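Asks: just coords:
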């Protein structure tokens, strides 16, 4: 994996060792039909996913609230190392093109690190990187830890 230095003022981190192989974690993140089953913490749902898993590829999902409101999210993959590293951003779309409106009000870049854990399973580290401290604080206040943690629990349940 490439060198990465975590900045506690700008990055939110979820880190766990989970009882799922790196290959299954990778599949859960990169196969649309799997991603749609776990990616959004219940009772929210992911109702659409278009994933072109390659650097510059499209990473689009649509979430649905419990009352039926939809929230499309567009993005672009930046780094792809199968079964090891997935980096994507919400500030660009496919072929590294900037989004016309600069992205949504929660712009960030995600880094999903997947490593075999001693004794089996996966050491999983999800990092949400932000451009400014206030954006990072807003994401934390929105429930990053609980939401991403619940989604990871759903991934583990699905892939176990």
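Replies: Structure received. Since the structure is predicted, the reported quantities are computational estimates derived from the model, not experimental observations.

Asks: drop to CA atoms for contacts and neighbour counts, all remaining ones
Replies: Noted.

Asks: Show residues contacting the helix or strand harbouring residue 151.
Replies: For residue 151, the host element (DSSP states H and E) is helix 144-159. Contacts to helix 144-159, defined as CA atoms under 8 Å, 6 or more residues apart in numbering, come from residues 12-14, 18-20, 24-25, 28, 37-42.

Asks: Buried residues, it. List them.
Replies: 144-145, 147-152, 154-156 (16 or more other CA atoms under 10 Å).

Asks: same check, this time on stretch 68-76
Replies: 74-76.

Asks: what's the distance between the residue nearest the centre of the chain and residue 77?
Replies: Against the mean C-alpha coordinate of the chain, by CA atoms, centre = their mean, the closest residue is residue 110 at 5.6 Å. To residue 77, residue 110 is 9 Å away according to CA to CA, to the nearest Å.

Asks: any common contacting residues for these two?
Replies: With CA under 8 Å, 6+ apart as the test, residue 110 and residue 77 both reach 86-89.

Asks: So what would you say the end-to-end distance of stretch 33-47 is?
Replies: Note: stretch 33-47 ends 10 Å apart using CA to CA.

Asks: start the count at 690, not 1, going forward
Replies: All set: I'll call the first residue 690, so the last point we hit is now stretch 722-736.

Asks: what does it rub up against?
Replies: 716-718, 737-738, 750-755, 836-837, 839-841, 843-844, 847.

Asks: switch to 6 Å and redo it
Replies: Residues from elsewhere that reach stretch 722-736, judged by CA atoms under 6 Å, 6 or more residues apart in numbering: 717-718, 751-755, 836, 839-840, 843-844.

Asks: Let me know the closest of the residues you listed to residue 809.
Replies: residue 844 (16.7 Å; CA to CA).

Asks: Could you tell me how far that closest one is located from residue 725?
Replies: From residue 844 to residue 725 the distance is 10 Å (CA to CA).

Asks: what are the ranges of the strands in this protein?
Replies: 700-707, 734-740, 748-753, 759-762, 765-770, 774-778, 781-782, 786-787, 798-805, 811-818 (DSSP state E).

Asks: which of those strands is buried the deepest?
Replies: Comparing those by mean neighbour count (mean count of other CA atoms under 10 Å), strand 781-782 comes out on top with a mean of 23.

Asks: Let's test this: mean pLDDT of that strand, rounded?
Replies: Here strand 781-782 scores 90 as its mean pLDDT.
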